[in-house]
Structures are given as structure tokens and as C-alpha cells.
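A.B. asks: pasting the sequence and the predicted model now:
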Amino acid sequence: MSTVTVTDLSIPELVAEVYVAAPLEARGHLLAQLLRPLGLLSLFAVAGGIFAKARLRGGWPNPQIRVEDIQAIRAADVVALVDYAQQVSVEAVDGLASLLAAMPPLSRTAAAALLITLLAQRARQRLAARPAGIR
């Protein structure tokens, strides 16, 4: 039995799969987690600015994404957002594991379970790679 590693699968694609399968309220929470560390200017560069528009309509600094915005955001947009968010704050993406675990119906899906596992594995790898005094 081989161990799946973070590099074997695309975390952005798994997040997008979870997003598409999630109910609207859960989608809003997922987006809020990913948008939180990103500045408005950077959001205009991602997915044609769809997230910047949604964030502006939803308020600042704690975005409340509107239902019509959530419905307009597609899987490809989420992939682009996660790709970008990982460059800015890998911790924000890794924080999705806790968020998903707190949503039992969603966390029981295969994609969410795999995503939680991969994010936890990546967090452990990052922690293990730090010098002993910084942990």
C-alpha cells in the first residue's frame, strides 16, 4: 500500500471539487477562508476579478459573500483562487481542513476527506521542516 503525498494530487482541484459539491452556505465559508488573507488589488488579478467584485459587494474586512456571487463562481475560478492563496498564505488554505471538519455532512464526502488528509499531511511536513526552536 503506497502513501499518497501532497504532490500526487492537486489541492486546488480538490478544493474546487468540494466547493462544487457543497451547499451554498458552506461555499460562502470556504470562500471567506480563502479570501481573508488576500488584498483587494490581488483579487482583481485572479479569475477575471470575480472575487474582488464579490468581496467589494460583501463588505470589508470580513467578507460576507452574497448568494448570487457564490452561484456565479465556478470550479475553475476556485482553482485559480486556491493557486493564488497558496502563494500568499499556505496557512489560509491549510485552515480549510478545520473548516471542513466542522461541517459534518460536507466532511463525509470523499473529496473533502481526501482534502482534509492532504492538508493535514502538508501542515505536518511543513512543521517537521522547521528548525526545532521555531516549532
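C.D. replies: Sure, I can see it.
A.B. asks: who are the packing partners of the lowest-mean-pLDDT helix or strand in the chain?
C.D. replies: None of the helices or strands of the chain scores lower by mean pLDDT, DSSP states H and E than helix 104-107, at a mean of 77. Judged by 3 or more Cβ pairs under 8 Å, 6 or more residues apart in numbering; DSSP states H and E, helix 104-107 is in contact with helix 96-101, helix 110-129. Where you see a C-beta, it was placed from the backbone N, CA and C, and this is true even at glycine.
A.B. asks: quick check: which ranges of the chain have low pLDDT?
C.D. replies: 1-9, 58-63, 132-135 (pLDDT under 70).
A.B. asks: can I get the helices and strands packed on helix 104-107 in a markdown table with distance to residue 42 and mean neighbour count?
C.D. replies: A markdown table is the format used below for the helices and strands packed on helix 104-107 (distance: least, Cβ to Cβ, whole Å; neighbours: other Cβ atoms under 10 Å):
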| stretch | distance to residue 42 | mean neighbour count |
| --- | --- | --- |
| helix 96-101 | 19 | 19 |
| helix 110-129 | 22 | 15 |
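A.B. asks: in a markdown table, list these along with distance to residue 46.
C.D. replies: A markdown table is the format used below for these (distance: least, Cβ to Cβ, whole Å):
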| stretch | distance to residue 46 |
| --- | --- |
| helix 96-101 | 17 |
| helix 110-129 | 20 |
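A.B. asks: quick one, which of those is nearest to residue 66?
C.D. replies: Of all the helices and strands packed on helix 104-107, it is helix 96-101 that lies closest to residue 66, at 19.4 Å by Cβ to Cβ.
A.B. asks: sorry, back to before: and the least confident helix or strand of the chain, what's buried?
C.D. replies: For helix 104-107, the neighbour count (16 or more other Cβ atoms under 10 Å) marks 106-107 as buried.
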